[in-house]
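Trainee: missing the sequence, but the structure's below:
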Ligand code: WT7
């Protein structure tokens with residue numbers, strides 16, 4: 001282990017395995033060699049303006065051409081100034097009159113087993129009709145529409161219809177509480193609410209409209225509400241405020257030209273919780289975002305016209321915005337969209353869907369992969385997964401053990417894995433292998449995409465040497481970047497642009513190895529400082545998870561008089577019972593894997609870890625528990641409250 005100095009983060013993880021794409025994959029890939037990818041990267045680096053200019057001209061439809069590619073007045077970027085385009089046009093109309101017109105756009109699977117497919121032409125008609133509904137309800141360009149819906153095709157239709165008429169959508173994940181909806185509606189000044197009667201989740205009927213009713217009592221700016229009938233449960237409809245989706249659609253014309261929108265017109269707001277404080281409304285705009293998600297989708301997923309792409313995220317997260325809706329549709333892809341839980345009715349539901357729809361590209365989160373591992377290989381073995389040619393992950397670092405399982409069990413050692421690093425704020429993927437060009441190392445998101453310029457700095461803002469951990473920043477504006485926090489320029493400046501002058505601060509720690517591969521080391525707040533050595537939580541966790549009886553682990557620092565911080569870990573185990581013996585074995589295991597310094601001081605066994613609804617472990621809550629605090633901090637983003645109660649019981 002390297003010695004600590006000057007605010008760097010020590011790395012203890014040693015991962016030497018390297019995997020190259022197969023000859024077959026490479027022979028069919030769009031970017032098929034390291035040299036080709038390097039050429040793109042060099043072109044973008046030398047002249048980012050010319051690089052993006054060329055793509056923007058060729059790949060977006062312009063009602064009016066732009067005059068200037070970029071105006072950068074730190075921290076505010078404007079891309080393609082003066083141009084007029086429309087994101088819904090680029091996603092749908094652009095394919096009409098081509099061979100993609102009758103291609104399937106959405107292959108939808110409901111949780112109870114119902115199915116629907118929509119071709120690009122059918123999607124166009126639905127979007128136009130709903131766009132006319134929006135207009136009929138008084139929505140004009142710039143109005144904010146709040147969307148709280150299950151994962152049904154109408155959710156994508158609603159997003160695209162907003163884009164078509166120039167309205168700004170704010171999609172709120174349909175697991176959030178009425179409080180969370182009301183907060184977001186108030187902050188955004190939403191004028192219209194879209195929802196459904198209910199939604200299916202693990203066989204249960206979630207009462208979405210009831211939740212919305214409670215939220216609307218505290219959403220003073222929302223005037224009307226449109227309700228889709230999905231599950232058929234009883235709901236109350238308020239006269240004059242609430243309307244049924246199907247009734248409004250009956251009379252809506254399928255003719256609705258797309259509104260020419262300014263390149264920098266807001267496209268959507270998406271609230272992210274961050275680990276503390278009030279949610280931030282991340283603002284994305286039209287042309288730059290559209291171009292960025294289209295190109296990154298094509299590059300990272302090596303998209304071909306015969307692919308069936310499945311991103312398992314929910315449209316309530318940025319992953320769903322960028323890689324279920326806007327990226328894939330701009331590229332004319334066929335997308336699977338699934339409504340429900342991965343373990344309903346059984347733990348093999350995902351593999352059943354892959355087999356049934358002959359999915360070729362599968363994109364999911366490490367937290368899901370760890371759940372599959374825990375559920376057992378027999379669920380996977382039941383299904384024919386030979387259609388798959390490429391796998392992806394997103395949302396958090398993937399520990400090498402889970403990576404190897406994914407590679408072997410799901411990919412049959414045939415499919416490259418793209419570990420994609422990005423954020424709600426970045427709009428699209430920033431670092432990822434280009435699967436035909438870049439060999440992969442388990443646990444590394446490999447290299448920046450063309451036009452992305454990451455730098456790693458220490459507390460003083462100086463560049464760190466290779467292989468040293470530090471704060472990950474981005475050096476030059478890119479078209480998909482956030483344009484601010486909704487209604488709070490000061491917070492935007494403070495949060496992302498003040499700590500390291502002139503650079504976008506991602507909030508993550510990372511190191512770049514001698515081959516130029518990046519390793520994300522967790523959030524800046526997640527560093528543990530043991531006797532002056534700064535350790536990354538991810539590395540301790542990866543070491544624990546490499547033990548055969550550990551399913552999941554979370555490491556945190558708790559105050560310690562002698563060492564500054566001691567390491568406390570929470571683990572869920574498989575196949576055996578909790579015991580002191582196992583506790584001792586795990587301590588030894590970490591000691592052996594990464595060294596004495598990283599040996600955990602406390603090990604607590606638990607049934608489950610507290611997670612946000614997007615699957616991230618809430619270390620802040622664990623810190624409170626480890627410190628023995630009576631009350632823990634903000635829990636509004638916690639997915640399952642019973643987990644917290646259990647953790648407390650486990651203490652006794
Ligand atoms: C944070 C962003 C990107 C869409 C979903 C999450 C972590 C994300 C990776 C990865 C390691 C990752 C980072 C990042 N993260 N992808 N491949 N490897 N960490 O979006 O909720 O805005 O979260 O997720 O910490 O900053 P988000």
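Mentor: Arrived safely, thanks for sending. Note that the structure is predicted; figures quoted are calculated from it, not measured. Residues are numbered from 1 along each chain as shown.

Trainee: Check the most centrally placed residue in the chain and give its pLDDT.
Mentor: Nearest to the mean C-alpha position of the chain, counting by CA atoms, centre = their mean, stands residue 319 at 3.7 Å. As predicted, residue 319 sits at a pLDDT of 97.

Trainee: where's it relative to the ligand, distance?
Mentor: Per CB to the nearest ligand atom, to the nearest Å, residue 319 is found 5 Å from the ligand. All C-beta atoms are positioned from the backbone trio N, CA, C, and that covers glycine.

Trainee: So that residue sits against residue 327, correct?
Mentor: No: contact criterion CB atoms under 8 Å: residue 319 and residue 327 do not qualify, at 10.0 Å.

Trainee: Quick check: residues of the stretch 551-652 of the chain near the ligand?
Mentor: Residues of the stretch 551-652 of the chain lying near the ligand by CB under 6 Å from any ligand atom: residue 614.

Trainee: which residues in the stretch 151-300 of the chain form strands?
Mentor: Using DSSP state E, counting those that start in this stretch, the strands found in the stretch 151-300 of the chain span residues 168-171, 192-196, 199-201, 204-206, 224-228, 242-244, 261-262, 266-272, 280-285.

Trainee: For the first one, which outside residues touch it?
Mentor: Residues from elsewhere that reach strand 168-171 (CB atoms under 8 Å, 6 or more residues apart in numbering): 142-149, 155, 158-159, 162-163, 184-185, 188, 190, 266-271, 281, 315-316, 320-321.

Trainee: Kindly report the same for the third one.
Mentor: Residues outside strand 199-201 that contact it (CB under 8 Å, 6+ apart): 110-112, 149-152, 174-175, 205-206, 208, 230-231, 339-341, 344.

Trainee: Please check those and keep the buried ones.
Mentor: 110-111, 149-152, 174-175, 206, 208, 230-231, 339-341, 344 (16 or more other CB atoms under 10 Å).

Trainee: By mean pLDDT, flag the weakest helix or strand of this structure.
Mentor: helix 641-651 (a mean of 62; mean pLDDT, DSSP states H and E).

Trainee: Could you give the number of residues near the closest residue in space to residue 509 that isn't next to it in sequence?
Mentor: Leaving aside its sequence neighbours, residue 509 sits nearest to residue 521 (CB to CB, 6 or more residues apart in numbering; 4.1 Å). Using other CB atoms under 10 Å, residue 521 is surrounded by 28 other residues.

Trainee: Need the phi and psi values for residue 521.
Mentor: With angles defined as degrees, to the nearest 10, residue 521 sits at phi -110, psi 20.

Trainee: Likewise for residue 564?
Mentor: Torsion angles, degrees, to the nearest 10, at residue 564: phi 90, psi -70.

Trainee: Just list the residues touching the residue nearest to residue 486 when sequence neighbours are not counted, thanks.
Mentor: Among residues not flanking residue 486 along the chain, residue 281 sits closest, at 3.2 Å (CB to CB, 6+ apart). Residue 281 is in contact with 170, 184, 187-188, 269-271, 485-488, counting by CB under 8 Å, 6+ apart.

Trainee: quick one: which of these has the most company?
Mentor: That'd be residue 270 among those, by other CB under 10 Å, with 27 neighbours.

Trainee: Find the nearest non-adjacent residue to that one, please.
Mentor: The shortest distance from residue 270 to any non-neighbouring residue, by CB to CB, 6+ apart, is to residue 282 (5.2 Å).

Trainee: Over to residue 183?
Mentor: Per CB to CB, 6+ apart, closest to residue 183 is residue 279, 6.7 Å.

Trainee: Verify the stated contact: the one you found with residue 269.
Mentor: No: in this structure, residue 279 is not within contact of residue 269 by CB under 8 Å, at 10.4 Å.

Trainee: what pLDDT does the residue lying farthest from the centre of the chain get?
Mentor: Residue farthest from the centre of the chain, counting by CA atoms, centre = their mean, is residue 562 at 39.1 Å. Listed pLDDT for residue 562 reads 79.

Trainee: contacting residues around it?
Mentor: Here residue 562 is in contact with no residue (CB under 8 Å, 6+ apart).

Trainee: State the phi and psi torsions of it.
Mentor: phi -90, psi -50.

Trainee: in the stretch 451-600 of the chain, which spans are helices?
Mentor: 489-497, 537-545, 580-594 (DSSP state H, counting those that start in this stretch).

Trainee: rank these by mean pLDDT and give me the bottom one.
Mentor: Mean pLDDT, when computed for each of the helices of the stretch 451-600 of the chain, is lowest for helix 537-545, at a mean of 88.

Trainee: and that one, does that touch the ligand?
Mentor: No: Helix 537-545 does not reach the ligand (CB under 6 Å from any ligand atom); its nearest approach is 7.9 Å.
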